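S.K.: give me the fold of what follows.
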Amino acid sequence: MAKEVENSRSQSNPNWTSAQAYGLAIFCLGFGLVLGYLFRGSAPVTSTATAATTSEPAGPAGMPGVPSSITAPGASQINPQQTAEMVQKAAQPLLGNLKQNPRDFDTLVKVGNLYYDAKLFPDAIKYYAQAVKVRPENSDVRTDLGTSYWYTGDADKAITEFNRALKYQPTHPGTLFNMGVVKWQGKMDPAGAVQAWERLLQSNPNYPQKQQVLDLIARARQHAKS
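M.R.: From the prediction side, this is the model:
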């Protein structure tokens, strides 16, 4: 099953309508920390660089983030520039490998994970995108790519990648969960979110977070009626 990960730092959309703002208010008040994370496909990199996260930043529409799954003493005192420098240093050996073999799938994913875990999502996108060119059928990495797009504020590209991931693996639980979040929060489409989450539970009847998903479905339906 896909693993839990932290949310990203990203800008809110200044052109939201009042209806969208109202929907977001209900979303955040109703869920609290329930949706304080998305799921990812590929495994996180256990690196001191990835531990150097600074805070719990907002998602694309201002949703509270969650702490990194990897923490370090004093990490909150490390500023974004220091974080970036640490990640760049940690990535150097991997980038050296890529110079020798630019199509090394595993290395591309490891570099993408480094940037993802440090919330440097534009850089993560660069390497995940290269990885799926090598293995287009890898739904885990496509899910990470889509989630990275979401965290940079691009719901449409996120959904595109989730759909591509589901083409190869129609029951991928992390993809379906994330699709629901982005459909609702990014596109103000609670019906689409319900559809994704119901598909998740139908295809994964023993899903560990089943009750959370059921709660989300109930709230999405309530929102659709408001």
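S.K.: just the pLDDT at the closest residue to residue 155 other than its chain neighbours, thanks.
M.R.: Residue nearest to residue 155 in three dimensions, not counting chain neighbours: residue 186, with 2.9 Å by C-beta to C-beta, 6 or more residues apart in numbering. All C-beta spots, glycine's among them, are computed from the backbone N, C-alpha and C. As predicted, residue 186 sits at a pLDDT of 95.
S.K.: residues near residue 186, how many?
M.R.: Residue 186 has 21 neighbours, counted by other C-beta atoms under 10 Å.
S.K.: got it, and residue 207?
M.R.: Residues lying near residue 207 (other C-beta under 10 Å) number 19.
S.K.: list the residues that contact it.
M.R.: Counting by C-beta atoms under 8 Å, 6 or more residues apart in numbering, residue 207 touches 173, 200, 201, 213.
S.K.: looking at those, which are in helices?
M.R.: Of the contacts of residue 207, the ones assigned to helices by DSSP state H are 173, 200, 201, 213.
S.K.: just to revisit the earlier point, my guess is the residue nearest to residue 155 contacts residue 152, does it?
M.R.: No. Contact criterion C-beta atoms under 8 Å: residue 186 and residue 152 do not qualify, at 11.5 Å.
S.K.: pLDDT for the contacts of residue 207 - can I get that in CSV?
M.R.: Rendered in CSV, the data for the contacts of residue 207 read as follows (pLDDT from 0 to 100):
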residue, pLDDT
173, 95
200, 97
201, 98
213, 95
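S.K.: can you flag the buried ones in those?
M.R.: Buried by 16 or more other C-beta atoms under 10 Å: 173, 200, 201, 213, out of the contacts of residue 207.
S.K.: now these in TSV, with distance to residue 194?
M.R.: Shown next, in TSV, are these (distance: C-beta to C-beta, whole Å):
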residue	distance to residue 194
173	16
200	10
201	11
213	10
